[in-house]
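Visitor: Mind looking at a prediction? Sequence and model below.
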Amino acid sequence: MAEHSVSESHTSAPSIENVPKKKPIAIITIGMAGAGKSTFVSRLNSYLHSQDPPTPPYILNLDPAVTHLPYEPNIDIRDTVSYKEVMKQYNLGPNGGILTALNLFTTKFDQVLDLVEKRADTVDYIVLDTPGQIEIFTWSASGSIITTSLASSLPSVIAYIVDTPRTTSPATFMSNMLYACSILYKTKLPFIVVFNKTDVQDAGFAMEWMRDWEEFQGALNSGNGNGMTDGEGEPTYMSSLMNSMSLVLDEFYKNLTATAVSSRTGDGFSDFLAAVEASREEYEKDYLPEILAAQEIRAKTLDQVKQDSMNRAMEDMKLDKEKNPGRFGDRFDGTEAEDDEIEEEYDEYDDENEEIGLVDRSEERGPGEYIDLTRPTATRTHPTQARSQNQRRTEAGTGGGEGVNWPRPG
Ligand SMILES: Nc1nc2c(ncn2[C@@H]2O[C@H](COP(=O)(O)OP(=O)(O)OP(=O)(O)O)[C@@H](O)[C@H]2O)c(=O)[nH]1
């Protein structure tokens, strides 16, 4: 199932059991609303299951507002945060609700990582589906917390999903690429642009525009780039701006890989996985050292902040005792032992408030299932799946009850 790293020793060939397994790679799918992220994740899931031997991924759904998922996630943000409740409580609209729900979830992302790390020995791919609110990854704190914490513990790559049929105009193409560019510079992770929906529109034009700056300029200045010339045939302000920006983007294209897929037919997924594998090397060589250095600096700052707040909390408790001695009885007397006791109490409080009831659905449901969108009418085959999460959702009318036929990662 998993690929194994090659031993450097020439004297004693290690047995297969002793060869350490490669860490799984985290694939973070990001893209505009409707680009096809969930369908892509679903197809990737089917594709990996259909490999010989199968390599079922571990899937996280981070979209709190999705009503129907064409796959069964192992961890689902909707089990933990209700974005509608968040909207009510914080008096927000749908976008603010989604963003805040994700922010709340992110505060406990270390627990999510613990669950993910538990599976690190049995899976090769961790796949994240994210909301279409792309600004989460360009300016919101939760986006960078998610990407940074994942990338600190696992090789990680961004799969930026593009709706190819909607990107044939040079202006739309460029706006999509500018988003991609800002995500790349914000996350600083290996980046794969995935031109999706190639069953509807071939991605050759986009690949060409990325490869050849003059081709793109040509398209911009032709009829394709509407509004590029004024009534007298002179280039407009828009035209000059886009020309300059396309030069900037030309630099950006050098830092990324592009692949073309159809999440509907499954075309191009082997190329996509080859690009993911190449990103693993890129991550280890270029990204990991930077992440570790940044992590060290952050850890020092964090320790300082923790120590400060601990000192403040201990001071407060002491002050409380002075003001209100009856509350603590004779327990605290200003000694070092007392400080330890207060610290322990503080930790206990912290632990109690850490619990958020995260569910690993694959544990809850034993050998679970996923939905293969290629066979929407297929029937459930696992004999123990009498009343799975998926089935309950179907009964509740919330979707997710289509053809189910693959085991989840054990
Ligand atoms: N023809 C075709 N349609 C696709 C493909 N991938 C996705 N779609 C369709 O595009 C629409 C949006 O797909 P989703 O997977 O829901 O897109 P998303 O990016 O997750 O959307 P949000 O959750 O709103 O961000 C659906 O109608 C899909 O069936 C594809 O490769 N080919």
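Guide: Alright, I've got the coordinates.

Visitor: CA only for contacts and neighbour counts going forward, please
Guide: Fine.

Visitor: Can you name the residues of this structure that neighbour the ligand?
Guide: Residues of the chain lying close to the ligand (Cα under 6 Å from any ligand atom) are 32-39, 131-132, 196-197, 199-200, 262-264.

Visitor: Just the buried subset of those, please.
Guide: Buried members of the residues of the chain next to the ligand, counted by 16 or more other Cα atoms under 10 Å: 32, 35-39, 131-132, 196-197, 199, 262-264.

Visitor: and these, which two are the farthest apart?
Guide: Greatest spatial distance among these (Cα to Cα): Pro131 and Asp199, at 23.6 Å.

Visitor: Flag the shaky bits of this structure, pLDDT-wise.
Guide: For the chain, the stretches flagged by pLDDT under 70 are 1-20, 223-235, 306, 309, 313-314, 316-358, 362-410.

Visitor: residues making contact with stretch 286-305?
Guide: 148, 151-152, 188-190 (Cα atoms under 8 Å, 6 or more residues apart in numbering).

Visitor: Would you mark the buried spots in that stretch?
Guide: For stretch 286-305, the neighbour count (16+ other Cα under 10 Å) marks 287-288, 291 as buried.

Visitor: re the thing from before, show only the entries of the contacts of stretch 286-305 found in helices.
Guide: Under the assignment DSSP state H, the contacts of stretch 286-305 contribute 148, 151-152 to helices.

Visitor: who's in contact with Ala159?
Guide: 27-30, 191-194.

Visitor: helix or strand for the closest residue to Ser152 other than its chain neighbours, which one?
Guide: Spatial nearest neighbour of Ser152, chain neighbours left out: Ile291 (6.4 Å); criterion: Cα to Cα, 6 or more residues apart in numbering. Assigned by DSSP states H and E, Ile291 falls within helix 288-323.

Visitor: Kindly report the same for Glu251.
Guide: Following DSSP H and E, the helix or strand that holds Glu251 is helix 237-253.

Visitor: Please save the CA atoms from whichever helix or strand comes after that helix in PDB.
Guide: Next helix or strand after helix 237-253 toward the C-terminus (DSSP H and E): strand 257-260. Written as PDB, here are the backbone C-alpha positions of strand 257-260 (Å, rounded to 0.1, in the frame of the first residue of the first chain):
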ATOM      1  CA  THR A 257       2.800  22.900 -11.200                       C
ATOM      2  CA  ALA A 258      -0.300  22.700 -13.300                       C
ATOM      3  CA  THR A 259      -2.400  19.600 -14.000                       C
ATOM      4  CA  ALA A 260      -5.700  19.100 -15.800                       C
END
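
Visitor: following strand 257-260, which helix or strand comes up?
Guide: Moving toward the C-terminus from strand 257-260, the next element (DSSP H and E) is helix 269-282.

Visitor: buried set for that following helix?
Guide: 269, 272, 275-276, 279-280, 282.

Visitor: ok, now how distant is Ile28 from Ser156?
Guide: 7 Å (Cα to Cα, to the nearest Å).

Visitor: Between those two, which is the more surrounded one?
Guide: Per other Cα atoms under 10 Å, whichever of Ile28 and Ser156 has more neighbours is Ser156, with 30 against 22.

Visitor: Which residues are in contact with the more buried one?
Guide: 25-28, 150, 189-190, 280, 283.

Visitor: The same query, at a cut-off of 7 Å, please.
Guide: Under the criterion of Cα atoms under 7 Å, 6 or more residues apart in numbering, the neighbours of Ser156 are 25-27, 150, 189.

Visitor: Quickly list what it is bridged to.
Guide: Beta-bridge pairing for Ser156 (DSSP bridges): Ala26.

Visitor: what's the distance between Thr130 and Pro155?
Guide: Taking Cα to Cα, one finds Thr130 at 18 Å from Pro155.

Visitor: surely Arg78 meets Pro64?
Guide: Yes - counting by Cα atoms under 7 Å, Arg78 touches Pro64, with 5.2 Å between them.

Visitor: between these two, which one's more packed in?
Guide: Pro64 (24 against 17).

Visitor: quick one: secondary structure of the more buried one?
Guide: Put simply, Pro64 is coil when judged by DSSP: H, G, I helix; E, B strand; the rest coil.

Visitor: Would you list the phi and psi of it?
Guide: Main-chain torsions, Pro64, degrees, to the nearest 10: phi -70, psi -20.

Visitor: In contact with it: list those residues for me.
Guide: Pro64 makes contact with 77-78, 82-83, 98, 101, according to Cα under 7 Å, 6+ apart.

Visitor: Tabulate those residues (JSON lines), appending secondary structure.
Guide: Converted to JSON lines, the contacts of Pro64 look like this (three-state DSSP):
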{"residue": "Ile77", "secondary structure": "helix"}
{"residue": "Arg78", "secondary structure": "helix"}
{"residue": "Ser82", "secondary structure": "coil"}
{"residue": "Tyr83", "secondary structure": "helix"}
{"residue": "Ile98", "secondary structure": "helix"}
{"residue": "Ala101", "secondary structure": "helix"}
